[in-house]
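predicted model, plus sequence, below.
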Amino acid sequence: MLEARLTRHEQPIRDSWQRSPIARRGRTLLGFSFRPRQIEAFGLGGPPTLQALLAYPFDLVRLAAYWNHIEVRTGVFDTSELDWQLEAAERAGKRVIFSVGAIKNFGYPEFFVPNHRLERPLPEGSLITTFTHADLLAGAIGFIGHIVNRYRDRTSIVAWQLEHEAVDPLGVEHSWRLGVDFVQRELEALRSADTSRPVMMNGFLPTSSVVRISQWWRTRDQGDSLAVASRLADIVGIDYYPRHALLALGSRTLYLNGAALPWQKALTETTLKGVWGHGKRVMVAEGQAEPWEAMTLPPNPALRQMFSCRPEDLIGNYNITMKWASLNRPIFAYLFWGAEYWILRDRSGDPTYLRAMARILDEAEAQ
């Protein structure tokens with residue numbers, strides 16, 4: 001119960017973000033993930049939203065190749081959406097992490113397999129392996145190869161990402177999982193297509209006992225995505241969400257909010273040391289910078305902010321992860337998660353998310 005909190009989900013807009021201290025980032029690169037599907041859900045335009053974000057002095061942007069939006073028919077590819085995103089990032093002088101998928105990729109619904117590549121839904125409660133879904137694997141490998149071959153000569157790309165939380169269940173909606181053997185075959189294809197760049201794989205870092213036990217139980221046969229990334233990838237990306245909604249009850253919501261408690265901090269430190277013990281670089285692939293409420297799309301209330309992530313929490317989450325470097329290992333990069341939401345809030349009359357983020361970029365003092 002110490003890790004849970006019941007409170008009103010809509011909170012007054014405060015100015016405490018203006019007084020929050022800003023941790024130094026040292027050599028950590030700062031960036032954001034660009035989610036065109038989220039932009040569509042918010043009713044924003046893709047190019048103007050990306051241009052608005054690229055105007056800030058970020059070092060890095062993460063782009064995604066969504067399989068079902070690119071392979072329109074078997075063997076027919078339309079990369080026009082990716083082309084303009086990458087060209088915009090390059091004009092702005094940004095470095096890029098390119099997430100090639102193929103089965104899973106960042107941004108809801110996190111599953112982007114084209115209908116023509118999957119005759120029937122993946123069976124719930126099962127492992128998707130090289131033996132059970134050989135045709136799907138062949139299609140995924142072909143897609144990865146096509147994307148990498150198209151973009152590998154672009155010097156702006158500093159790393160590829162393979163899958164998204166590769167071997168974890170797909171949220172609460174689905175219980176199937178990718179098998180490690182499936183992911184290993186994808187990784188072999190990716191590294192064969194480009195031997196010069198590192199591969200990043202990410203995983204969700206539990207910050208409450210409920211989530212930690214649930215994740216262990218559901219992935220106990222082959223390990224969770226962080227464990228698999230520690231074995232297979234060059235860079236391990238951590239998805240860090242210290243406060244998220246569990247259940248809405250009228251005007252109040254029950255939140256899991258245990259990240260700052262001593263036992264959860266100790267478990268996080270153990271996880272980090274385990275990753276570094278494998279000789280891998282660590283980055284924050286998703287640092288919570290938008291609300292995670294008991295619904296898919298973050299709410300946008302007038303003259304209110306959602307409790308799960310206010311502007312001061314955007315700063316606080318960043319500060320916490322910069323302390324991880326005090327374990328005498330650097331954090332390669334920190335990608336803020338929720339950049340499109342900041343634009344939505346700004347256009348709705350609340351610029352405080354953008355201003356809090358701008359404070360970090362201005363005051364973090366890179367080395």
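That came through fine. Quick caveat, the model's predicted, so the values are computed rather than measured.

against L178, how distant is L314?
31 Å (CB to CB, to the nearest Å). Yep, even glycine has a C-beta here, placed from its N, CA and C like the rest.

got it, and V210?
For V210 relative to L178 (CB to CB), the value is 24 Å.

of the two, which one has the most company?
Using other CB atoms under 10 Å as the criterion, V210 and L178 rank with L178 on top: 28 against 13.

wait, the more buried one sits on I103?
Yes: in this structure, L178 is within contact of I103 by CB atoms under 8 Å, at 6.2 Å.

quick check: neighbours shared by those two?
Shared contacts of L178 and I103, defined by CB atoms under 8 Å, 6 or more residues apart in numbering, are found at I128, E163.

pLDDT weak spots in the stretch 151-300 of the chain?
The stretch 151-300 of the chain contains no residues with pLDDT under 70.

ok, which stretches of it are helices?
In the stretch 151-300 of the chain, the segments counted as helices under DSSP state H, counting those that start in this stretch are 180-193, 209-219, 225-232, 262-277.

if you compare those helices, which one is most tucked away?
Across the helices of the stretch 151-300 of the chain, averaging neighbours per residue (mean count of other CB atoms under 10 Å) puts helix 225-232 on top, at a mean of 22.

any idea of the angle that helix forms with helix 262-277?
Interaxial angle of helix 225-232 relative to helix 262-277 (axes from the mean of the first three to the mean of the last three CA atoms, to 10 degrees): 20 degrees.

for helix 225-232, packing partners?
Packing partners of helix 225-232 (3 or more CB pairs under 8 Å, 6 or more residues apart in numbering; DSSP states H and E): helix 180-193, strand 199-204, strand 235-240, helix 262-277.

what's the pLDDT at A134?
Note on A134: pLDDT of 97.

count of residues packed around it?
12.

quick one: end-to-end length of stretch 228-245, please.
Using CA to CA, to the nearest Å, one end of stretch 228-245 lies 27 Å from the other.

how about it: buried residues?
The neighbour-count check on stretch 228-245 (16 or more other CB atoms under 10 Å) flags 228-230, 232-245 as buried.

check what pLDDT Q367 gets.
Reported pLDDT for Q367: 61.

for F143, same thing?
The model's pLDDT for F143 equals 98.

for it, give me its contacts.
A65, W67, I70, E71, V100, G101, A102.

repeat that for 10 Å
Contacts for F143 (CB atoms under 10 Å, 6 or more residues apart in numbering) come out as 65, 67, 70-71, 77, 100-103, 112-114, 117, 186, 189.

most neighbours among the residues you listed, which one is it?
Ranked by neighbour count (other CB under 10 Å), the contacts of F143 have A102 at the top, with 31 neighbours.

so what pLDDT did it get?
98.

residues near L118, how many?
L118: 16 neighbours (other CB under 10 Å).

and the helix or strand encompassing D313, how far out from the chain middle?
In this assignment (DSSP states H and E), D313 forms part of helix 311-323. Helix 311-323 sits 16 Å away from the centroid of its parent chain (CA atoms, centre = their mean, to the nearest Å).

flag every buried residue along it.
In helix 311-323, counting by 16+ other CB under 10 Å, buried: P311, E312, D313, L314, I315, G316, N317, Y318, N319, I320, T321, M322.

again, but for stretch 4-17
Those would be R5, H9, E10, W17, for stretch 4-17 by 16+ other CB under 10 Å.

and of those residues, the nearest to A366?
W17 (20.8 Å; CB to CB).

ok but the closest one is inside a helix, no?
Yes: the assignment for W17, made by DSSP: H, G, I helix; E, B strand; the rest coil, places it in a helix.

double-check it against R355; I have them as touching.
Yes: using CB atoms under 10 Å, W17 makes contact with R355 at a distance of 7.4 Å.

what residues are shared contacts of these two?
P311.

so what's the residue count around P330?
16.

next, the residue lying closest to it once chain neighbours are set aside: phi, psi?
Nearest non-adjacent residue to P330, counting by CB to CB, 6 or more residues apart in numbering: R27, 5.9 Å away. The phi/psi pair for R27 (degrees, to the nearest 10) reads phi -100, psi 10.
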